[in-house]
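# I'd like to go over a predicted model; first the sequence, then the structure.
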Amino acid sequence: MTIVGSEGIVGLSAALGETGVMDAAVLVPGVAQTMSAERFRAAMRSSETLRRCVDRYSIALLGHLAQTVACNRLHSLDQRAARCLLLSRDR
C-alpha cells in the first residue's frame, strides 16, 4: 500500500501498458484529474520530458515502497500507524 497525493499517479502500471488488477481508494476529500491510460501513453510517446518525469516518479515510487516494506518489518504497529498518518497529512 502507498499513499498518493498531488505529486503522484494512480494506475501507473496501466498507463505504462501493463494489464492487471489494481485497487485504489480515496481516503480524504480533494481534487483529482483523470486521463485514460491510452491518452496518457500517447502523451508519453509524444513528450520526452513527460516520459523522463514518469521514469523518475517510478524510480522514486519503488524506493518509497522498499522503505515501506522495511518499515512494516522493523517497526511496531504504533510506529507504522504514525508513519501512515504523517504521510496522509503531508499529502
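Received, thanks.
# CA only for contacts and neighbour counts going forward, please
OK.
# in stretch 72-91, what counts as buried?
Neighbour-count burial for stretch 72-91 flags R80 (criterion: 16 or more other Cα atoms under 10 Å).
# need the contact partners of that stretch.
3-6, 71 (Cα atoms under 8 Å, 6 or more residues apart in numbering).
# quick one: distance of it to the chain centre.
Averaging C-alpha positions (Cα atoms, centre = their mean, to the nearest Å) puts stretch 72-91 16 Å from its chain's average.
# same deal with stretch 12-32?
Centroid separation for stretch 12-32 versus its chain: 8 Å, with Cα atoms, centre = their mean.
# now that stretch: average pLDDT?
Stretch 12-32 comes out with an average pLDDT of 79.
# what's the most distant pair in the contacts of stretch 72-91?
Within the contacts of stretch 72-91, S6 and C71 form the most distant pair, 23.3 Å apart (Cα to Cα).
# picking up where we left off before, quick one: least confident of the contacts of stretch 72-91?
Lowest confidence among those: S6, with 75.
# and the residue lying closest to that residue once chain neighbours are set aside, what pLDDT?
In space, and not counting its chain neighbours, S6 is closest to R91: 7.0 Å by Cα to Cα, 6 or more residues apart in numbering. pLDDT, R91: 74.
# L62 too?
On the pLDDT scale, L62 is placed at 90.
# now the element after the longest helix along the chain, going C-ward?
Across the chain, the longest stretch assigned as helix under DSSP state H is helix 48-74. Counting by DSSP states H and E, the element after helix 48-74 in chain order, helix or strand, is helix 77-90.
# helix 48-74 and that following helix, what's the angle between them?
With axes from the mean of the first three to the mean of the last three Cα atoms, to 10 degrees defining the directions, helix 77-90 sits at 160 degrees from helix 48-74.
# alright, that wraps it up for me.
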